[in-house]
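# Predicted model and sequence below, questions to follow.
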Amino acid sequence: MPCPHLPEGFDATDPDLLSTRIPFPEFAQLRQTAPVWWCSQPAGITGFQDEGYWAVTRHADVKYVSTHPELFSSNLNTAVIRFNESIAQEQIDVQKLIMLNMDPPEHTRVRQIVQRGFTPRAIRNLETALRDRARAIAEEARRSAGPDGSFDFVTQVAVELPLQAIAELIGVPQEDRSRIFDWSNKMIAYDDPEYAITEEVGAEAAMELIGYAMTMAAARKECPAADIVSQLVAAEGQGNLSSDEFGLFVLLLAVAGNETTRNAISHGMHAFLTHPDQWELFKRERPATTAEEIVRWATPVVSFQRTATQDTEIGGQKIRAGDRVGIFYSSANNDPEVFTDPERFDITRDPNPHLGFGGGGPHFCLGKSLAIKEIDLIFNAIADVLPDLTLVGEPRRLRAAWLNGVKELRVRTA
């Protein structure tokens, strides 16, 4: 197999690279020439004291790694593929307590509890409130637009509905919801110098959010209510979460549920405005397949990682026990072996076996149904209230190592 012709020092987890683009041309080369490729890294720059990781870029291989937790651990080095170089090992170890970074059987125990909050009935119970909220968001964006009709789609539209959905789900009072949003932003923005947020500030925000959630849990244990928090934490020791576990669960929701969905919405709007035929099709027909294609196209999480628990192979490549393995969803979701014309944004694409919610296995996204509902509701509201949106400028991307983030998207309404 020929070697890929990549730029010197290429690393798909480099936040400077991801602040400008997703490296689709390089991913295409890797899929064709070295689908399991060793990426060298100077020791310490990622928070890990090793020399690099294996980049897994084909759809089939990403699924294989995802569905074999006995071979590929989320816990040993966490699922986060790159930390800031200043992070301490103790901070990484604390992250191992989050469900995202657990392995079975502990992961199985916690997931069986928290999935009570994501039943079809629970999602249906949120739908009316979220539909009304989506409409109100679109109407407020139109009212608050500047004299020329322009506004930032990210802050005026995309950010609020995912936050409101999580807050509704766990019963956060309306007056506290802006605090959840602020903490969430600080936790994921420390790599972006524009926000001037340090790793320490991000850690403090995480602790404040955990403390808030633990206070909620303690109150529900003392006085249970007819809400999901009470279902998750009441009667500890009888298959429920401790207050600490609930706090960490809310922390995960604030990033995995809030940030990812808002970025999918932002990328989705940009995709519609740069593919006007698809926007006209959506406004006219509202295909049920739309949200899935938006998630494939956006792939809000570029990559996660696993760590080999034993000597093994991926796609014929030998992997040693202890090696880190990067699974690149952005590459897998553009694999031409799986998707016809993957570079085409097609809201009628069906089937659409994308890995935007993970590659299957124990860590498949618990909140997929809620995320799909949010995307459907917000774009239906936009089509009804802001059907004439046009693009003012290209999106400004977040500097991050594993998120496909958008921090500004200027649009205009007539």
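Sure, I can see it. Since the model is a prediction, treat every value here as computed from it, not as a measurement.
# Sketch out the low-pLDDT regions of the stretch 101-250 of the chain for me.
Residue ranges of the stretch 101-250 of the chain with pLDDT under 70: 188-191, 193, 195-199, 235-238.
# Mind jotting down where the strands sit in it?
Counting by DSSP state E, counting those that start in this stretch, residue ranges of the strands within the stretch 101-250 of the chain are 150-152.
# Which parts of the stretch 151-300 of the chain are helices?
Here the stretch 151-300 of the chain has its helices, by DSSP state H, counting those that start in this stretch, at 153, 160-170, 177-188, 199-222, 228-233, 243-252, 260-274, 276-285, 290-298.
# Out of those, which is the most enclosed?
Scoring the helices of the stretch 151-300 of the chain by mean neighbour count under mean count of other Cβ atoms under 10 Å gives helix 153 as the most buried, with a mean of 26. C-betas here are computed from N, CA, C, even on glycine.
# thinking again about what came up before, distance to A55 for the helices of the stretch 151-300 of the chain - can I get that in a markdown table?
Formatted as a markdown table, the helices of the stretch 151-300 of the chain follow (distance: least, Cβ to Cβ, whole Å):
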| stretch | distance to A55 |
| --- | --- |
| helix 153 | 32 |
| helix 160-170 | 29 |
| helix 177-188 | 22 |
| helix 199-222 | 25 |
| helix 228-233 | 37 |
| helix 243-252 | 25 |
| helix 260-274 | 21 |
| helix 276-285 | 31 |
| helix 290-298 | 20 |
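# burial count for the closest residue to D388 other than its chain neighbours?
Excluding the flanking residues, the one nearest D388 by Cβ to Cβ, 6 or more residues apart in numbering is A414, at 4.3 Å. Applying other Cβ atoms under 10 Å, we find 8 residues neighbouring A414.
# what residues are up against A414?
Shown in contact with A414 (Cβ atoms under 8 Å, 6 or more residues apart in numbering): 149, 388, 390.
# Model confidence for C3, exactly?
We note a pLDDT of 68 for C3 in this prediction.
# about what we covered before: list just the one of the helices of the stretch 151-300 of the chain that sits closest to L355.
Nearest to L355 among the helices of the stretch 151-300 of the chain is helix 290-298 (8.4 Å), distances taken as Cβ to Cβ.
# ok, the next helix-or-strand element following the closest one: who's next to it in the sheet?
For helix 290-298, the following helix or strand on the C-terminal side (DSSP states H and E) is strand 303-308. Note on strand 303-308: by DSSP bridges, its sheet partners are strand 72-73 (antiparallel), strand 324-328 (antiparallel).
# could you give the mean pLDDT of strand 303-308?
On average, strand 303-308 scores 98.
# now for the next helix or strand after that strand, which elements pack on it?
As assigned by DSSP H and E, the chain's next helix or strand after strand 303-308 is strand 312-314. Judged by 3 or more Cβ pairs under 8 Å, 6 or more residues apart in numbering; DSSP states H and E, strand 312-314 is in contact with helix 59-66, strand 317-319.
# can you list contacts of the first one?
Put plainly, it is helix 59-66. For helix 59-66, using Cβ under 8 Å, 6+ apart, the contacting residues are 35-36, 56, 71-72, 306, 314-315, 325, 327-329, 331-333, 335, 337-338, 353, 355, 358-361, 363-364.
# same check, this time on stretch 136-150
For stretch 136-150, contacts defined as Cβ under 8 Å, 6+ apart pick out 151, 153, 156-157, 160-161, 378, 381-382, 384-386, 392, 410-414.
# With just CA atoms, put stretch 136-146 into CSV.
Only the C-alpha atoms of stretch 136-146 are listed here, as CSV (Å, rounded to 0.1, in the frame of the first residue of the first chain):
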residue,chain,number,x,y,z
ALA,A,136,-39.9,31.9,20.0
ILE,A,137,-36.2,31.7,19.3
ALA,A,138,-36.7,32.3,15.5
GLU,A,139,-39.2,35.2,16.2
GLU,A,140,-36.8,36.9,18.6
ALA,A,141,-33.9,36.6,16.1
ARG,A,142,-36.0,38.4,13.5
ARG,A,143,-37.1,41.1,16.0
SER,A,144,-33.5,41.7,17.3
ALA,A,145,-31.8,41.8,13.9
GLY,A,146,-29.7,44.9,13.1
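# Give the buried residues for it.
137-138, 141-142, 145 (16 or more other Cβ atoms under 10 Å).
# Next, give me the two most distant ones among those residues.
Maximum distance among the buried residues of stretch 136-146 (Cβ to Cβ): 13.0 Å, for I137 and A145.
# hmm, back to that, list only buried entries from the contacts of helix 59-66.
Buried by 16+ other Cβ under 10 Å: 35-36, 56, 71-72, 306, 314-315, 325, 327-329, 331-333, 335, 338, 355, 358-359, 361, 363, out of the contacts of helix 59-66.
# centroid residue for this structure?
Nearest residue to the geometric centre of the chain (Cα atoms, centre = their mean): T260, 3.2 Å.
# hang on, the earlier thing: and the helices and strands packed on strand 312-314, which is most packed in?
Highest mean neighbour count among the helices and strands packed on strand 312-314 (mean count of other Cβ under 10 Å): helix 59-66, a mean of 23.
# and the closest residue to V110 other than its chain neighbours, what is it in contact with?
Once flanking residues are discounted, V110 sits nearest to M99: 5.1 Å by Cβ to Cβ, 6+ apart. Contacts were defined as Cβ under 8 Å, 6+ apart; by that measure M99 touches 107, 110-111, 114, 248-249, 252.
# switch the cut-off to 7 Å
The contact partners of M99, by Cβ atoms under 7 Å, 6 or more residues apart in numbering, come to 107, 110-111, 249, 252.
# was I right about D376 contacting A291?
Yes: look at D376 against A291 with Cβ atoms under 7 Å: they come within range, at 5.2 Å.
# re the thing from before, out of the helices and strands packed on strand 312-314, which gets nearest to D346?
helix 59-66 (17.2 Å).
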